[in-house]
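A.B. asks: This is a predicted model, with the sequence first.
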Amino acid sequence: MNNFSSAEDYIVKTLDLWKVYGRGRLAFSALKGVNLKVKRGEMVAVVGPSGSGKSTLLNLLGALDHPTKGKVFIDNIDIFRLGDNALTELRNRKIGFVFQSFNLIQRVSALKNVEIPLMMRNISREKRRRLAVAMLKAVGLDGKFNHKPTELSGGEQQRVALARALVVRPSILLGDEITGNLDSKTSMEIMELIRRFNKTLKTTVILVTHNMQIAKQTDRIVYLRDGMVEREEILNRKV
Amino acid sequence: MKLIDILDFAWSGMRDRKLRTALTILGIVIGSSLIVALISSTQGLSTGITERVSRMGVTTISVFSVNPTLRLTDEDVMRIERVEGVKTVIPFYRVFAKVSCGEKTLDQIQVLGIDPEKLFELLNGLELESGKTPSSLDQARAIIGYTVANPPDLDTKFADLNHVINIEVNVFRRGRILKITHPFLVSGVLKQYGATMLGDIDNTVFITPLAAKSMVKRTHYSGLFIIAESLDDVDPIVKSLTDMYGRKVRVISPSTILQNVQQILYQQTVFLGSIAAISLIVAGVGIMNTAYVSVMERTREIGILKAIGFKKRTIMILFLSESVLTGLIGGVIGVAFGCILALSMGNILPRFRPPAPKRMVGGHVQLPVQISPELLIFTVLFTVAIAVLAGVYPAWKASKLDPVAALKHE
């Protein structure tokens, strides 16, 4: 396991990260040596046009995919040197995902959806329920615990997804176009929630978006183009 | 992940596709119930036959003439009595007659002309409910079986102690059939006994050989029962009888019957059990199909679970649990249904009998059914094993899905 020493506390760091799809003449490089550092508690937006490699980068940061080359460090752990189980456990303990299409399990209630990540932690049913209820209340879904996703609006579904991602108190929240399916008012409400959790829970947030309005609500914008970091824009030096 | 959570999750997945789950379970129910019903019926049949044969005593040998030129008479009785190892020879007459008592009539009742005292020696455990056995010289008294006295299709008793019954037999005389009726006084009523090699004892009227002889107007017996001194004497006696009569007689010893019957029934059990097992395997293919379709349909869900941090092993267990639950529910319902089916078969099947045994009228003999706990446990375990085998591949496929591709799946 490689550690890297740094004067600053980086929770996420990528080193020369490459992702190549296909082989030979059909090979396509989605990421071409991305170097990115994210401080603990920071809120970062990764923006770029379609095909710039935003989602690929997010999948690698979330250990959902393996890079062709390069490294990803989370909490100073070179995550792709971990075994499959350890990687999955890291995903469960340190990373929370929120997706554009909410990705809730349709057949179970909002409450159950939020409880699911806790199931992997052998937490008692009562405690699980308590944590899930508290989280759903925190995202403003009091009274809709037993609604199934199909009985909720898009904004409410995204709130459930947010609650599910945050119920395990992850160090990092990764969001992939989380407001892509929402109207602007609801998008702002969700962003407000995320900002609040970033502040209160000190959760590091990395959002992939092509919505500059959303990006501008973060501390830093990383511009990605053709699989490379084009430039960065710091909006808030609080971190 | 706790077992209860795994089962809860699996159950919610099954409930989500109620009809498909129900149809898959139905396939399992059919397979497992067939196993229970067919095996318990044949096992019951085997036990029933063994019991019937053993009731006559394992040292009892039956001899019947199968050649019209050979007529078994008192000479044969004396000849056989001299054979080494023979304890006693019991000759008998057997006819089927119309029996009436007052206004009530029973058709095709078995009438056995046999020494009343030796009858009890021949049939282990046979007892009188009331009355007494007539002497072997008595030509006017009869003992009646339990069902003759209490026919199930009559509201009242057919006959009781000291009632007079009339036995009407057909006698061939100079090329003509004559109906001859003989009255008998009921001197004894037997307790319920059941069927034996001598037929259904409960549905039989017993008279003395002398009475039978004068009634049927013939000197030769229908057959002979030979009781051997010991089990070791049975085979030498059978050999002596074969030497004496060749193929003119049919010699039946309980041990030969048991051997043959058990062999046939064992083969039948294996054959029917295999058919049932194949139907269960087909149902297993159904489970596999359901599980596979479920994995395809829930690819996105698998991606979500992986993103949330579910290990490959956990995802495999989740999907395998659905198959196992399907198998377990199907197995348990199937076993219960199989028991009902077996008991129904025990009641219904004897009604579909070939004409000959139908002569034993006045109700039917219930087909014995032997439902052993071992069979039920085995069937459930076998069903679950099939479900596990069927569910492993789809569950493995689910666990191996690439999370990124799974999340993109529509």
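C.D. replies: Received it, and whenever you're ready, just let me know what you need.
A.B. asks: Can you identify the element that follows the helix or strand harbouring B:E117 toward the C-terminus?
C.D. replies: Under DSSP states H and E, the secondary-structure element containing B:E117 is helix B:116-122. Using DSSP H and E, the helix or strand that follows helix B:116-122 towards the C-terminus is strand B:128-131.
A.B. asks: Direction included, what does that next one pair up with?
C.D. replies: According to DSSP bridges, the neighbouring strands of strand B:128-131, each with its direction, are strand B:176-190 (antiparallel).
A.B. asks: Kindly confirm my reading that B:S33 forms part of a strand.
C.D. replies: No. With DSSP: H, G, I helix; E, B strand; the rest coil as the criterion, B:S33 is located in helix rather than a strand.
A.B. asks: Enumerate every residue touching it.
C.D. replies: Taking Cβ atoms under 8 Å, 6 or more residues apart in numbering or on different chains as the definition of contact, the neighbours of B:S33 are B:334-335, B:337-338, B:341. Just so you know, the C-beta spots here come from the backbone N, C-alpha and C atoms, and that holds for glycine as well.
A.B. asks: Roughly how far does the nearest residue to it once chain neighbours are set aside sit from B:I167?
C.D. replies: The spatial neighbour of B:S33 that comes closest, neighbours along the chain excluded (Cβ to Cβ, 6 or more residues apart in numbering or on different chains), is B:G338 at 3.6 Å. As defined by Cβ to Cβ, to the nearest Å, B:G338 lies at a distance of 45 Å from B:I167.
A.B. asks: hmm, back to that, which one of the contacts of B:S33 has the most neighbours?
C.D. replies: Counting neighbours by other Cβ atoms under 10 Å in any protein chain shown, the top entry in the contacts of B:S33 is B:G334, with 31 neighbours.
A.B. asks: Give the helix, strand or coil label for it.
C.D. replies: Under three-state DSSP, B:G334 falls in the helix class.
A.B. asks: isn't it right up against B:T379?
C.D. replies: Yes. Counting by Cβ atoms under 8 Å, B:T379 is a contact partner of B:G334 at 7.1 Å.
A.B. asks: which SSE is the residue nearest to B:S33 in?
C.D. replies: Element membership of B:G338, judged by DSSP H and E, is helix B:312-348.
A.B. asks: Quick one: name whatever helix or strand follows that helix.
C.D. replies: helix B:373-400.
A.B. asks: Summarise which helices and strands that next one is packed against.
C.D. replies: helix B:18-55, helix B:254-297, helix B:312-348 (3 or more Cβ pairs under 8 Å, 6 or more residues apart in numbering or on different chains; DSSP states H and E).
A.B. asks: Could you save these as a markdown table and add columns showing distance to B:K397 and mean pLDDT?
C.D. replies: What follows is the helices and strands packed on helix B:373-400, written out as a markdown table (distance: least, Cβ to Cβ, whole Å; pLDDT from 0 to 100):
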| stretch | distance to B:K397 | mean pLDDT |
| --- | --- | --- |
| helix B:18-55 | 18 | 87 |
| helix B:254-297 | 6 | 86 |
| helix B:312-348 | 9 | 92 |
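A.B. asks: Find the nearest non-adjacent residue to B:T314, please.
C.D. replies: Once its chain neighbours are removed from consideration, B:T314 has its nearest residue in B:M1; the separation is 5.3 Å (Cβ to Cβ, 6+ apart).
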